[in-house]
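*Asks:* what's the 3D shape of this:
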Amino acid sequence: MYYSSHEVLEYDELRMLIAEGHRVFSIGHHFDPFALSGDLRPLLPGALDHQLFNEFHLTGCDLAQKKITKAFIRHFDIVVIMHDPILLLRNLDAFGDIPIVIRTIGQSDLSLEDTYRRLGNRIKIVRYSDRETALAGFAKTDAVIYFGKYGTDFLPWNGGNAGITFHNSYDFRDHSTVPALEMWKQFGAATGSELWGVGNGRVAASRGKAATDQMRTLLSKASWYFYIYTFPPSYTLSLIEAMLAGVPVIAPSLPLVESIYPDTMYGSLRAWSSPRYEVEEIVGDGGLFYNSIEQAIEIAGLLRSDPEYGRSLSNAARANALARFDAETIAPRWSRFLNSIL
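*Replies:* Numbering: from 1, shown residues only. Take a look at the predicted model:
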């Protein structure tokens with residue numbers, strides 16, 4: 001059983017697990033797409049087991065209450081929970097002796113990690129980043145498995161258009177993003193860069209949601225990807241997608257992020273510290289980093305005026321992404337780990 005709190009990551013990880021031959025019942029987008037879906041990814045054919053879906057209800061499970069019954073859990077060998085402490089704690093008795101895997105997504109705070117620590121060996125923790133293993137106050141690590149995506153999903157990069165950004169609910173999350181919305185507006189106005197995503201209705205320049213195929217086409221034609229960092233994860237899925245598409249990345253530098261989120265800020269709330277920011281290491285020579293929005297505008301001008309330089313960044317971006325996030329490598333890691341705890 002796989003419990004999802006993130007539609008896109010669920011789509012990616014179900015694809016990998018199914019490709020590895022695992023039978024997976026997901027409680028998330030593929031369980032109740034009408035209730036939980038932002039319609040950001042298509043449903044995977046055959047991913048919903050209708051017999052188990054009926055059993056879920058017949059055995060007294062309740063999605064709204066996050067209640068899972070012993071009678072339902074007997075169908076599974078392992079439970080994977082993507083960052084949902086409520087579902088975990090409410091159902092510990094129902095889970096019995098079945099192995100429980102916590103899949104982190106970069107949202108842990110010190111209070112949650114203390115809960116994990118108190119549960120000890122009752123749970124296995126799969127972290128999404130090496131950076132999370134060394135954070136002060138965090139619980140144990142049983143495995144590190146980065147997010148995975150299939151490089152073959154993306155079109156060859158040609159560039160030529162202005163830049164692009166995929167970011168959801170910008171105004172709602174403005175307090176936790178770098179750059180802030182007003183800075184993005186300045187960058188967009190100066191460079192013609194486009195903002196796509198859901199929940200941006202109050203941002204006049206937003207182009208709205210892009211369907212999966214449209215997103216891949218837009219990335220293939222973008223001259224750069226203007227990355228918006230959202231506190232507190234080490235990296236986000238949109239960065240991986242842009243890099244696998246070979247789009248040169250323009251991203252905030254660590255000094256800029258540190259100036260907005262100093263290590264002392266939110267210390268007990270979100271456990272953020274500068275080592276958590278992994279974007280510079282991930283992007284490497286596949287992009288450029290800015291210390292101010294004016295510098296970001298200059299970088300965009302450079303990429304527009306020098307397509308050969310852009311091509312070199314593109315090649316490096318895709319190579320760096322494949323080295324770390326290629327689903328063909330990540331999927332077997334999941335299988336090895338799951339088999340090791342049975």
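
*Asks:* For the rest of this, base every contact and every neighbour count on C-alpha atoms.
*Replies:* Noted.

*Asks:* excluding its backbone neighbours, what's nearest Ile68?
*Replies:* Nearest non-adjacent residue to Ile68, counting by CA to CA, 6 or more residues apart in numbering: Cys61, 4.8 Å away.

*Asks:* just checking, what packs against the strand or helix carrying Glu55?
*Replies:* Using DSSP states H and E, Glu55 falls within helix 50-58. Packed against helix 50-58, as judged by 3 or more CA pairs under 8 Å, 6 or more residues apart in numbering; DSSP states H and E, are no other helices or strands.

*Asks:* ok, and what's touching the helix or strand following that helix?
*Replies:* Moving toward the C-terminus from helix 50-58, the next helix or strand (DSSP H and E) is helix 70-73. The contact list for helix 70-73 (CA atoms under 8 Å, 6 or more residues apart in numbering) reads 55-56, 59, 61, 94-96.

*Asks:* Mind checking which residue lies nearest the centre of this structure?
*Replies:* Leu237 (3.7 Å; CA atoms, centre = their mean).

*Asks:* And the contacts of helix 70-73, which is closest to Gln214?
*Replies:* Phe56 (35.1 Å; CA to CA).

*Asks:* hmm, back to that, what's the PyMOL line that selects buried ones from the contacts of helix 70-73?
*Replies:* Only the buried members of the contacts of helix 70-73 end up in this PyMOL selection, burial being decided by 16 or more other CA atoms under 10 Å:
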select buried, resi 56+61+94+95
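
*Asks:* which phi and psi does Ala245 have?
*Replies:* phi -80, psi 0 (degrees, to the nearest 10).

*Asks:* What pLDDT does the model give it?
*Replies:* In this prediction, Ala245 carries a pLDDT score of 98.

*Asks:* ok, it touching Leu219?
*Replies:* Yes - the pair Ala245 / Leu219 is scored as a contact, 6.3 Å apart, by CA atoms under 8 Å.

*Asks:* Identify the contacts common to those two.
*Replies:* Joint contacts of Ala245 and Leu219 (CA under 8 Å, 6+ apart) are Trp157.

*Asks:* So which residues of the stretch 101-250 of the chain form helices?
*Replies:* 110-119, 181-191, 212-221, 237-244 (DSSP state H, counting those that start in this stretch).

*Asks:* for those helices, which one sits closest to Thr69?
*Replies:* Evaluated over the helices of the stretch 101-250 of the chain, closeness to Thr69 peaks at helix 110-119, with 20.1 Å, by CA to CA.

*Asks:* Show me which positions of that closest one end up buried.
*Replies:* So, applying 16+ other CA under 10 Å, buried residues of helix 110-119: 110, 112-113, 116-117.

*Asks:* Give me the helices and strands touching that helix, please.
*Replies:* Applying 3+ CA pairs under 8 Å, 6+ apart, we find helix 110-119 packed against helix 267-270.

*Asks:* Now the helix it packs on: average pLDDT?
*Replies:* Helix 267-270 comes out at a mean pLDDT of 49.

*Asks:* same thing with stretch 155-168?
*Replies:* 94.
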